[in-house]
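Visitor: I'd like to go over a predicted model; first the sequence, then the structure.
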Amino acid sequence: MSLTKIELISYSKLMAFFKFNRRIINDLKQSKCIKFKMTSSWNLKHWYTMTLWENEDDINHFYRNGPHLEAMKQSKTFSSKIQSKRVYNEDLIHWKEAKEQFEND
């Protein structure tokens, strides 16, 4: 499973973020991703994604191609910090547990 935390530079960047996010979600639906979900902080400055994959090759293929690769190349235009973690689990976890993964960083 892959967890990501994205911190937006400012509220003015929400539209740019949503533009890429919509394309990535559409791509996820057509990929080998088993499950995914997304949430934000109450103030919409921090966004979290969680994806479940069968293996590391499937994750890497998705992240290094298509809309996700394009978004990563342009991420500095809307994000001040992006963190990703791998968690080895057979299913998606609760958001509280996922967010705790980023507390010590």
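Guide: The structure has been received and is ready for your questions.
Visitor: Quick check: which element contains Y48?
Guide: strand 46-52 (DSSP states H and E).
Visitor: Buried residues, that strand. List them.
Guide: Neighbour counts over strand 46-52 (16 or more other Cβ atoms under 10 Å) mark H46, W47, Y48, T49, M50, T51, L52 as buried. C-beta here means a position set from N, CA and C on the backbone, and glycine is covered the same way.
Visitor: what about S84, neighbour count?
Guide: 13 (other Cβ atoms under 10 Å).
Visitor: Shouldn't it be within a strand?
Guide: Yes - looking at S84 with DSSP: H, G, I helix; E, B strand; the rest coil, it is inside a strand.
Visitor: Pretty sure it sits against T4.
Guide: Yes - under the criterion of Cβ atoms under 8 Å, S84 makes contact with T4 at 4.8 Å.
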